[in-house]
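In: take this sequence and fold it.
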Amino acid sequence: MKKTLTVFTVLLLISSLFAIVTACDEADPAITLSPPQGFAMTMIAGTGFDESKTISIAYDGAVQSTVPATVKTDNKGSFTAIISIPDELAVGRHTITANDSHRNSASSTFTVVDMTGPQGVQGIAGQNGKDGIDGINGKDGMNGANGLNGQDFNATGSVLVYNGTDGLNGKDGINGINGINGANGINGKDGANGAPGLPGTQGQQGTTGQVVVYSKPATISGADLQSFIIIMVIALIAFTATMITIYRKSNR
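Out: As a prediction, the model looks like this:
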């Protein structure tokens with residue numbers, strides 16, 4: 001009877017251990033970016049995906065090339081990949097998404113920082129172009145014809161001659177076309193770009209993990225010693241699996 005009870009207890013503990021390990025392995029998919037901000041590249045670490053599945057990485061919805069070229073999860077559903085930031089001038093927050101072939105998905109935010117320095121000093125203005133050549137003067141107008149001499153008679157019958165009025169002066173010639181203005185001087189070169197901004201401050205150090213202390217089990221003697229040893233071994237296996245799960249979650 002005691003042997004049957006011992007075997008049943010062992011099977012129950014094994015079933016409990018399997019349920020714990022299975023629950024730990026079925027964590028929700030998640031990705032971590034390192035670094036989470038910059039302008040050139042980032043490394044993506046994923047966990048909680050289906051095992052041995054191909055992973056695609058998208059940046060704002062557009063699938064990206066990765067290093068390695070083909071990304072697959074291991075037998076624990078984890079993977080690591082590196083992508084280059086496609087537009088380093090698009091300053092602000094962008095979404096990086098990882099998908100496996102079973103439609104499991106996880107996203108995280110990457111921030112592109114502004115690395116543009118202050119604007120350079122404006123270049124010196126170019127010199128004005130030379131004045132254009134003066135246009136040629138127009139020709140003088142033609143003189144008008146002289147007026148006819150008038151005739152008259154006095155009382156003695158002598159002819160009195162009067163000079164006619166002078167003819168009208170010809171019109172002034174048309175002025176010549178103005179010369180073409182000289183070309184504008186070349187603008188000075190743009191000033192040099194300012195120096196890059198200072199690096200951001202280092203993040204705060206994480207808190208120290210708590211140390212868990214377990215009391216020493218009481219000594220068991222008698223006929224049930226063998227059963228107790230088996231139960232303690234299985235309990236130790238379950239405790240080890242739990243600690244592994246806690247360690248994985250703390251490193252995501």
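In: give me the residues contacting the helix or strand containing Ile44.
Out: When elements are assigned from DSSP states H and E, Ile44 belongs to strand 41-47. Contacts made with strand 41-47 from outside it, assessed by C-beta atoms under 8 Å, 6 or more residues apart in numbering, are listed as 27, 29-36, 55, 57, 73, 76-85, 96, 98, 106, 108, 110, 248, 252. Every residue, glycine included, has its C-beta placed from N, CA and C.
In: okay, now the sheet partners of it, with direction.
Out: Take DSSP bridges as the rule and strand 41-47 pairs in its sheet with strand 30-34 (antiparallel), strand 79-84 (antiparallel).
In: and the following helix or strand past the longest one, what's buried?
Out: If you walk from strand 79-84 toward the C-terminus, the next helix or strand you reach (DSSP H and E) is strand 92-100. The neighbour-count check on strand 92-100 (16 or more other C-beta atoms under 10 Å) flags 94, 96-100 as buried.
In: again, but for stretch 79-90
Out: By neighbour count, and taking 16+ other C-beta under 10 Å as the criterion, the buried residues in stretch 79-90 are 79-81, 83, 85.
In: dump it to CSV, keeping only the CA atoms.
Out: Included here for stretch 79-90 are C-alpha records, laid out as CSV according to Å, rounded to 0.1, in the frame of the first residue of the first chain:
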residue,chain,number,x,y,z
PHE,A,79,16.0,34.5,-31.6
THR,A,80,18.4,37.4,-32.1
ALA,A,81,18.7,39.6,-35.2
ILE,A,82,20.2,43.0,-36.3
ILE,A,83,18.7,45.5,-38.7
SER,A,84,19.9,48.8,-40.1
ILE,A,85,17.7,51.9,-39.6
PRO,A,86,16.3,52.6,-43.1
ASP,A,87,15.9,56.4,-42.6
GLU,A,88,18.3,57.9,-40.1
LEU,A,89,16.9,61.4,-40.8
ALA,A,90,13.4,60.6,-39.8
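In: average pLDDT across it?
Out: Stretch 79-90 carries an average pLDDT of 95.
In: ok, now stretch 101-111?
Out: In this model, stretch 101-111 has an average pLDDT of 94.
In: got it, and stretch 42-49?
Out: In the prediction, stretch 42-49 has an average pLDDT of 97.
In: now do stretch 233-249
Out: Predicted confidence along stretch 233-249 averages 86 (mean pLDDT).
In: that stretch: which residues count as buried?
Out: By neighbour count on 16+ other C-beta under 10 Å, the buried set for stretch 233-249 is 234, 238, 245, 248.
In: Asn137: which of those is nearest?
Out: When the buried residues of stretch 233-249 are compared for distance to Asn137 (C-beta to C-beta), Arg248 comes out closest, at 97.1 Å.
In: without its sequence neighbours, what residue ends up closest to the closest one?
Out: Thr47 (7.1 Å; C-beta to C-beta, 6 or more residues apart in numbering).
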